[in-house]
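**Student:** pasting the sequence and the predicted model now:
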Protein chains: 2
Amino acid sequence: MKTDLDNLLKSAGFDAIWVSGPSTHNPPMAYLCGTGQLTRADLFVRPGHRPVLAHGVMEREEAAKSGFDLITYDASRQRELLKENPNDILTASALYYKELLEEAGVKQGRILVTGVREIGAFHSMLNKLEELMPGVQFVGDAQEAVLLQARATKSPDEIERIRQVAQATMKVVQNTWDLLANSEVSGQTLVKADGSPLTIGDVKAQIGLWMSENGLEDPDGFIFAIGKDAGVPHNSGTPSDPIELGKTIVYDIFPCEKGGGYFYDFTRTWCVGFAPPEVQQAYDLVDRVHFAVLEGLEMGKNFSHSQTLTCELFEAAGHNTIRKDKTAVEGYVHGLGHGLGLNVHEKPSSGNLDDPSNELQPGHVFTIEPGLYYPESKGWGIRIEDSYFMHPDGSVERFVDFPHQLVIPLKSQA
Amino acid sequence: MKTDLDNLLKSAGFDAIWVSGPSTHNPPMAYLCGTGQLTRADLFVRPGHRPVLAHGVMEREEAAKSGFDLITYDASRQRELLKENPNDILTASALYYKELLEEAGVKQGRILVTGVREIGAFHSMLNKLEELMPGVQFVGDAQEAVLLQARATKSPDEIERIRQVAQATMKVVQNTWDLLANSEVSGQTLVKADGSPLTIGDVKAQIGLWMSENGLEDPDGFIFAIGKDAGVPHNSGTPSDPIELGKTIVYDIFPCEKGGGYFYDFTRTWCVGFAPPEVQQAYDLVDRVHFAVLEGLEMGKNFSHSQTLTCELFEAAGHNTIRKDKTAVEGYVHGLGHGLGLNVHEKPSSGNLDDPSNELQPGHVFTIEPGLYYPESKGWGIRIEDSYFMHPDGSVERFVDFPHQLVIPLKSQA
C-alpha cells in the first residue's frame, strides 16, 4: 500500500522517486498524485518530506488539488538556458531539470525514475543530467520492487473504486445481453429493426456508448469477437461479422475510470439462441476449472500454482496446453490470471513460480480467466473471467456477480 | 510528410528509428504503424528496408494489419535469459532486446529511439543495451528534427482525417449550444426539467456522451468553465457551478479519433441570454485580433510573428500581455497558437521566432486562439479558437465553420 512506500524505497536503496509525464493514462502519477488534470508534470517524493509537484503555469489550479508543494515551470528561464546553449536543446533541457530537481530538494543519491511519456528525448536528457549532477544517479526499477509492490496491495479506498468500476461495467454487460436477447432473427442471424444483420460492429458501437454513459473509458479497447475470431484470445472482433446463432461470442471488457484510473476486467462467452453440445461441454469444463482455481487460492501461496492447476485439469480432460507446448494456439494457450489496478496487468501474475511477489496477499486484486480455444479446427473459443480480491483473513471475494451462462435465450423464441 | 522520413533520418545522422510502446495514445507508433490495436510493440524502421514490427503472440492478427514484417515476442526465450541471469531483469531484458534488434536488422549505428511508455526501466535497459551492442548508440531526438518535422506537414489523407474529427466535434458543439439555448430559466440560472439548476457538471457529462456517440475521445479532457474559472485559461470548470445568465463560458474542446489518433482543437466563448457590454466589447476585440492574425499568415513566414501581432493589437487596446509581463495572469496571457495532429500540441508553434520549423509550410495544421482574461478583477475570460491548414499555394483554410457569436439567445425568451 501507499503507506509502505517510504520503507520500500529505503530497502530498495532509493533516496527519492521522480515521476514524470501527464496525470492521465500514467499509472505512477495517478497513484502518487491523485486527482487533477495535468497535461505535463514532474513529481518528486522523498521519504519524510512533503512531495513537490512541478506544473505548467496554466494548470496551477489542477496542480493545487494534489495538496503538495508546488513549483511552476518557468518558460522564460528555459528560453534563457537555450540562448546560453544555442542549438543544444538537450543540454538546455538538462540544465533546466537540474534547477528543478534542486528546487525540489533532490540533490544527491539514487533516484527512482518512472512515469509514462516519450522515452527517447527523456532518456538522452537523463544521461546528460547525470553528467551535470555527479552525486545523482537516475535508475529505472526493472525489478519493479517499489511502486508496483506498493500498488499490488490495495487499500480499502482502492478496492471501493475498483468495485464501482465493476458495477458500472456490469451495467454495460447487462445492456449488451439485453440487446442480443431482444433482437429479432432472420435465418440464422440477428437482425436490426430495418431487417439488416446486426453486426459485431453495431454491438461494439453500442458498448462504447454504454461505457461512456457509465463513466468508463476503454484505453486498451475491448473484445467482442465471434466464431473463429473468438478462438484467438486477443482478436478484438471483425466489425462486419453478423451475429449468428449458436456461434461463440467472447466478450472481454476491461474499462477504467475516465482519464485512466482503476480498471476492471471481465469476460463472458455467449452463444445466442443455442449452443452446440461440444461447445456447452467445453464451457462447463472451463467453468469447473474457474471455480477449482478459486477454491485453490490461499494467502501466501504463489498465484502461479493456479496456472499449474489449470494446465493439469485441462490436460486431464484431453486438451493441449501452453505448459506442454509453449507455441500452442489451440487448447489452453495463455496465463490464468493477473493483478489489476491502475494497469490492466500488474502484480500478482500467474506466470512465475519463482517470483515471491506473486504470493497472494490481502489487498491483492486479480483475475481468474481460464479458456479453451480452437480457432482453426473448430471455429470457436471460450473464456470465463471474473476479478477478485483477497481480504485480510485470506478469504477471496468476487467484485460483482454476473451469471456464468453460455446461452442467451432469444425473447422472440420464448 | 511520411515520404520525407528517409531523407530526414539521413540528414539527422540516424541509421534507424525504434518506436516502442502500445499502438494507442502513442503518436509516433500511430504515425508509423497505422491502425491495429497493440498493447505492446516495437517497430524498427530502416531507410530502404521494409519496417519490422515485434508484437505479442496473442496480437498477431492486429499486428498483421500493419503490412510490415512481423516478429513475435518469445516469452520462453525471455524466461531462459532470466534463468541465465538470476535476479537481474535488467540484463535479461537488454539481452532479449539485443536479439530482437539483431533479428530486425538493427545491428549498428545511431538509432533514434521514440515512443510513449514507462520511462525509468526502459532508460536503464537502453544504457545496458549500449554496453551489450558496442556498435550501437541509442539517441532521443531532443531537437525533434525527424519525426515531428515529418509529422508537421500533413498529407491530404491526414488533412481529411482531421477534417472528419472537426466535423464530429462540430456536432458535439452544436448539441451543446442547443442544450443551453433550449433550457428553462429560473431567476438568473438555467434549470433542468425538474427545476434544479443545470450545472457545469451536467453539461460536461452530456458533452462526454456526445463525443463518444460521434466516435471521439478526449484523452486530455476538455474545458467548460464559467465566470472566474473561464478567466483561468486551463481551468477545466467546476462541476457544481450553475449556468448563470450573462457570465462568460469558455468551451475549449480538443478531442481525437478513438484510440488516440488525430486531434481537433476548437474554442468558443458564450454568454447565455445576454452579455454585459464590457464583455461584448472585449469579445469583439478578440474576434478582430483572430482575423487580423489569419490575414497576416504567409507561407515561409514564422508563425511566431502572429504572437507579436497579437500582443501589439491587445496592447494598443490597453491590455496587458505576456510579452510585457511574462508572469501576467490578466490580459493576454498565453501563446497565439500551435500545430495540431497526433498531438494536441505539435509543430509549428507561435512561441519561438528563432526556430525555422515554425515557418509556415503547406500541410501545416495549426490553431489561432487569441484571448483576454480577467479572472480576479472582473470574473471573466474570453477565447476564440479555430484550427486551419495551409494549402500548397499558401492559402489558409478553416477546417469547419461555426459562428463567432458570444450570446446564445434563449428559446424561452424568444
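**Tutor:** Okay, I see it.
**Student:** how far does the helix or strand hosting A:K204 sit from its chain's centre?
**Tutor:** Element membership of A:K204 [criterion: DSSP states H and E] is helix A:200-213. Mean-position distance between helix A:200-213 and its chain equals 20 Å (Cα atoms, centre = their mean, to the nearest Å).
**Student:** now swap in stretch A:219-233 and tell me
**Tutor:** Using Cα atoms, centre = their mean, the offset of stretch A:219-233 from its chain centre is 17 Å.
**Student:** picking that back up, restricting to C-alpha, output the helix holding A:K204 in PDB.
**Tutor:** Extracted C-alpha coordinates of helix A:200-213, given in PDB (Å, rounded to 0.1, in the frame of the first residue of the first chain):
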ATOM      1  CA  ILE A 200     -20.200  -7.100 -34.300                       C
ATOM      2  CA  GLY A 201     -19.500  -3.500 -35.300                       C
ATOM      3  CA  ASP A 202     -23.100  -2.400 -34.300                       C
ATOM      4  CA  VAL A 203     -22.800  -4.100 -30.900                       C
ATOM      5  CA  LYS A 204     -19.300  -2.700 -30.300                       C
ATOM      6  CA  ALA A 205     -20.600   0.900 -31.100                       C
ATOM      7  CA  GLN A 206     -23.300   0.400 -28.500                       C
ATOM      8  CA  ILE A 207     -20.900  -0.900 -25.900                       C
ATOM      9  CA  GLY A 208     -18.700   2.100 -26.500                       C
ATOM     10  CA  LEU A 209     -21.700   4.400 -25.800                       C
ATOM     11  CA  TRP A 210     -22.800   2.500 -22.700                       C
ATOM     12  CA  MET A 211     -19.200   2.700 -21.300                       C
ATOM     13  CA  SER A 212     -19.200   6.400 -21.800                       C
ATOM     14  CA  GLU A 213     -22.700   6.800 -20.200                       C
END
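**Student:** now the angle from it to helix B:200-213?
**Tutor:** Relative orientation of helix A:200-213 and helix B:200-213, computed by axes from the mean of the first three to the mean of the last three Cα atoms, to 10 degrees: 170 degrees.
**Student:** give me the contacts around helix A:200-213.
**Tutor:** For helix A:200-213, the external contacting residues (Cβ atoms under 8 Å, 6 or more residues apart in numbering or on different chains) are A:171-172, A:175-176, A:179-180, A:192, A:217-218, A:222, A:224-226, A:237-243, A:253, A:255, B:208-209, B:211-213, B:258. Backbone N, C-alpha and C define where each C-beta goes, glycine included.
**Student:** in strands, which of those fall?
**Tutor:** Those of the contacts of helix A:200-213 mapping onto strands are A:E217, A:F222, A:F224, A:A225, A:I226, A:I253, per DSSP state E.
**Student:** spatially central residue for chain A, please.
**Tutor:** In chain A, the residue lying closest to the centroid (Cα atoms, centre = their mean) is A:V344, at 0.9 Å.
**Student:** in a helix, that one, correct?
**Tutor:** No: under DSSP: H, G, I helix; E, B strand; the rest coil, A:V344 falls outside any helix and is assigned coil.
**Student:** quick one: residues contacting the residue of the stretch 301-414 of chain A found nearest chain B.
**Tutor:** Proximity to chain B, evaluated over the stretch 301-414 of chain A using Cβ to the nearest Cβ, is greatest for A:K326 at 4.7 Å. Counting by Cβ under 8 Å, 6+ apart, A:K326 makes contact with B:A75, B:S76.
**Student:** how far away is it from B:K83?
**Tutor:** 14 Å (Cβ to Cβ, to the nearest Å).
**Student:** buried ones from the contacts of helix A:200-213, can you make that a ChimeraX selection?
**Tutor:** Buried residues among the contacts of helix A:200-213 (16 or more other Cβ atoms under 10 Å in any protein chain shown), as a ChimeraX selection:
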select /A:172,175,176,179,180,217,218,222,224,225,226,237,241,242,243,253,255 /B:208,211,212,213,258
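**Student:** what's the spatially closest residue to A:N235 that is not a sequence neighbour sitting at in phi/psi?
**Tutor:** Using Cβ to Cβ, 6 or more residues apart in numbering or on different chains and skipping the chain neighbours, the partner closest in space to A:N235 is A:D229 (4.5 Å). The phi/psi pair for A:D229 (degrees, to the nearest 10) reads phi -60, psi -40.
**Student:** surely A:S66 touches A:R50?
**Tutor:** No: using Cβ atoms under 8 Å, A:S66 is not in contact with A:R50; the gap is 10.4 Å.
**Student:** who's more crowded, the two?
**Tutor:** Neighbours per residue, other Cβ atoms under 10 Å in any protein chain shown: of A:S66 and A:R50, the larger number sits with A:S66, 21 against 11.
**Student:** which residues sit in contact with that one?
**Tutor:** By Cβ under 8 Å, 6+ apart, the neighbours of A:S66 are A:C33, A:G34, A:G36, A:P51, A:L53.
**Student:** which one of these has the most neighbours?
**Tutor:** A:L53 (27 neighbours).
**Student:** please report how far that one lies from chain B.
**Tutor:** Distance, A:L53 to chain B, using Cβ to the nearest Cβ, to the nearest Å: 15 Å.
**Student:** now do A:F222
**Tutor:** Distance, A:F222 to chain B, by Cβ to the nearest Cβ: 10 Å.
**Student:** what do you get for A:V19?
**Tutor:** 9 Å.
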